[in-house]
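Asker: Dropping a prediction and its sequence here:
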Amino acid sequence: MSLIEKLSEKIDLLLDKTNNQELEIQDLRLKISTLIAQSEEKDRQISTLYEEIANKDKSVQSLYDKIQEVLDK
């Protein structure tokens, strides 16, 4: 095998590796985008749950105040 053939083979291997890495990078970028979207959705869900807890706390406090008012009479 001549030097030119060896170099050509090495270049082909490098090109294959580069193409594979580009595909992997593209796949990882897609996964990152998906994870970011999922994270944002989880953040929205958590925010909603905190709002629900706050509303329930207000309701409980209101009921407590009413009970306390009746007991104070």
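Answerer: That came in fine, so what should we check first?
Asker: pLDDT averaged over the helix or strand residue 33 falls within - what is it?
Answerer: For residue 33, the enclosing helix or strand under DSSP states H and E is helix 3-72. For helix 3-72, the mean pLDDT works out to 96.
Asker: who does that helix touch, helix- and strand-wise?
Answerer: In terms of contacts (3 or more CB pairs under 8 Å, 6 or more residues apart in numbering; DSSP states H and E), helix 3-72 is packed against no helix or strand at all. In short, each C-beta sits where N, CA and C put it, glycine included.
Asker: 48 is where my numbering starts, stick with that
Answerer: I'll keep to 48 as the first residue from here, and by that count the last item is helix 50-119.
Asker: Any idea how far it is from the middle of the chain?
Answerer: 1 Å (CA atoms, centre = their mean, to the nearest Å).
Asker: For residue 108, give its distance to residue 116.
Answerer: Remark: distance between residue 108 and residue 116 (CB to CB, to the nearest Å) = 12 Å.
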